[in-house]
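Novice: sequence and computational prediction follow.
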Amino acid sequence: MIKKTIRTIVVHLLEWEARLVLKKYKPKIVGVTGNVGKTSTKDAIALVLGHIAYVRTAAKSYNSEFGLPLTILDCESGWNNPWHWLANLFEGISLLVFPHHYPEWLVLEIGADRPGDIKHVAEWLKLDVAVITRIGEKPVHVEFFPTAEALAQEKAQIVNALGPRGALVLNEDDPIVSAMREKSALKPLTFGFSEASTIRASNSRVTYEERDGVKVPEGITFKVDYAGKSFPVRLNSIFGANNVYSALAALAVGVSQGINVVAITEALTKFTPPPGRLHILPGIKQSVIIDDTYNASPTAMRLALESLKAVEVSGRRIAVLADMLELGKLTVEAHEEMGALAASVCDMLVVVGQRAIFIADGAKAAGMAEDRILQFNDSREAGKMLDTMIKKGDIVLVKGSQMMRMERCVEEIMLHPEDKERLLVRQDQEWMLR
């Protein structure tokens, strides 16, 4: 009870300081929400806006009641260290009392774990640009809402934070997001693969290089159509539709601020999403790892599996899929659907966790042979098994919700585990102790 009370006090103090800091320095603000791709999208946007201004965005996925004020104050989470939190509060006071070279733009990730989260933020955080990435039919966090529609309505509250001259950027390919245009009098900029999109991607393809007789994906290229013109875009060391959507959203934000499209596409060649977002990593025995271990939802897992299906392989396609959390009553159905899709994509399926058993069930029901499905309770245990069975040319997709710690599985099969702190998600000390 005491700990909860102290936490509430700290949250209120940080938010109070953040409000005053915004009032003093008056930066322009981009708010990014959705259920898929928020962090990668905000990083791509920050990269693009960095061509015209001094920009700040959180190095991590700071999107909670703590995360937003911490980003505004340029502080790190104190975790369980009360002295660190006290230092954060003093940093806020310093910003208010003394002059600082404060950013001209903030790019903020805004999450919604429970009803009222975004509604509260919209009451004090005024945006110049609002970006909604993707919701999906079976979104995560839905267990804390009465329905998936209620969660979508909460996400739509971000529109209320926009000023009268703001820019609304929506994913045209997600019907739930596209419909949010009705929430605002502003004409939205839309992005996606749909012909109705203001900024449209097409001709997306994976690029490869040959390494010792093994075809290895090295990135993706696609074409962007905007205002009657076409522009080529290249993303390096990553692939998948999720990362294309992040780039398109960044293009839309850049266009809304009058940045030249050619300059935007050049900036995106340097775009590197945070670890665990469809990164291509070299694996043991000349295998390739698709590291998508940051988190998981049905929509994101579907996109990852579709990316695995599209990639050319010299060996086998192996999917390592763990529990998707916070799905509530949709849990069984969503996992079974992923299993059925995996059966049509991969040569071998490895499932990790209690809920992932339903992925195995879905794969079996779709006709996948039982001897091609392996089940584990622990991510590291699954990785140790993969260490013994991976062969030259195999491509291994690894994905699961963050509490499943699937980066530990990747660590067991990556070619350079000594680089894990740089390449893998959740490598700071606080996570390593969990």
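Specialist: Alright, I've got the coordinates.
Novice: which stretches of the stretch 1-150 of the chain form strands?
Specialist: 28-33, 55-57, 105-109, 127-132 (DSSP state E, counting those that start in this stretch).
Novice: what sits up against the third one?
Specialist: Residues lying outside strand 105-109 but in contact with it, judged by Cβ atoms under 8 Å, 6 or more residues apart in numbering, are 27-33, 38-39, 42, 45-46, 49, 53-58, 61-63, 67-68, 71-72, 125. No exception for glycine: its C-beta is placed from N, CA and C like everyone else's.
Novice: for PyMOL, what selects the buried ones among these?
Specialist: Buried members of the contacts of strand 105-109, defined by 16 or more other Cβ atoms under 10 Å, are picked up in PyMOL with:
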select buried, resi 27+28+29+30+31+32+33+38+39+42+45+46+49+55+56+57+58+61+62+63+67+68+71+72+125
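Novice: surely Val169 touches Val129?
Specialist: Yes - using Cβ atoms under 8 Å, Val169 is in contact with Val129, at 6.4 Å.
Novice: wait, which of the strands of the stretch 1-150 of the chain is closest to Pro146?
Specialist: Distance to Pro146, taken as Cβ to Cβ, is lowest for strand 28-33 among these, at 19.4 Å.
Novice: elements contacting the closest one?
Specialist: When contacts are defined as 3 or more Cβ pairs under 8 Å, 6 or more residues apart in numbering; DSSP states H and E, strand 28-33 sits against helix 38-49, strand 105-109, strand 127-132.
Novice: thinking again about what came up before, need the strands of the stretch 1-150 of the chain in JSON lines (columns: distance to Leu20 and mean pLDDT).
Specialist: Below are the strands of the stretch 1-150 of the chain laid out as JSON lines (distance: least, Cβ to Cβ, whole Å; pLDDT from 0 to 100):
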{"stretch": "strand 28-33", "distance to Leu20": "15", "mean pLDDT": "96"}
{"stretch": "strand 55-57", "distance to Leu20": "17", "mean pLDDT": "94"}
{"stretch": "strand 105-109", "distance to Leu20": "15", "mean pLDDT": "96"}
{"stretch": "strand 127-132", "distance to Leu20": "18", "mean pLDDT": "97"}
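Novice: make a markdown table from these and add distance to Val253 to it.
Specialist: Putting those into a markdown table (distance: least, Cβ to Cβ, whole Å) gives the following:
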| stretch | distance to Val253 |
| --- | --- |
| strand 28-33 | 6 |
| strand 55-57 | 11 |
| strand 105-109 | 9 |
| strand 127-132 | 6 |
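Novice: name the nearest residue to Gly166, ignoring sequence neighbours.
Specialist: Asp128 (5.5 Å; Cβ to Cβ, 6 or more residues apart in numbering).
Novice: longest single helix anywhere in the protein?
Specialist: Ranked by residue count and defined by DSSP state H, the top helix of the chain is helix 2-25.
Novice: could you figure out how far that one is turned away from strand 105-109?
Specialist: 150 degrees (axes from the mean of the first three to the mean of the last three Cα atoms, to 10 degrees).
Novice: contacts for helix 2-25, please.
Specialist: Contacts of helix 2-25 (Cβ under 8 Å, 6+ apart): 29, 65-66, 68-70, 72-73, 85, 88-89, 92-93, 95-96, 100, 102-103, 124-126.
Novice: what about that helix, distance to the chain center?
Specialist: Relative to its parent chain, helix 2-25 has a centroid offset of 26 Å by Cα atoms, centre = their mean, to the nearest Å.
Novice: any idea of the mean pLDDT for that helix?
Specialist: For helix 2-25, the mean pLDDT works out to 88.
Novice: show me this protein divided up by domain.
Specialist: 2-268, 279-432 (automatic domain parsing).
Novice: rank these by mean pLDDT and give me the bottom one.
Specialist: domain 2-268 (a mean of 90).
Novice: ok, and the closest non-adjacent residue to Gly319?
Specialist: Quick fix: residue 319 reads Ala, not Gly. In space, Ala319 is closest to Cys346, 4.2 Å off (Cβ to Cβ, 6+ apart).
Novice: dump the residue contacts of the one you found.
Specialist: Applying Cβ under 8 Å, 6+ apart, the residues near Cys346 are 305, 308, 316-319, 397.
Novice: wait, which of the residues you listed is closest to Asn81?
Specialist: Taking these together and measuring to Asn81 by Cβ to Cβ, the closest member is Leu397, at 36.2 Å.
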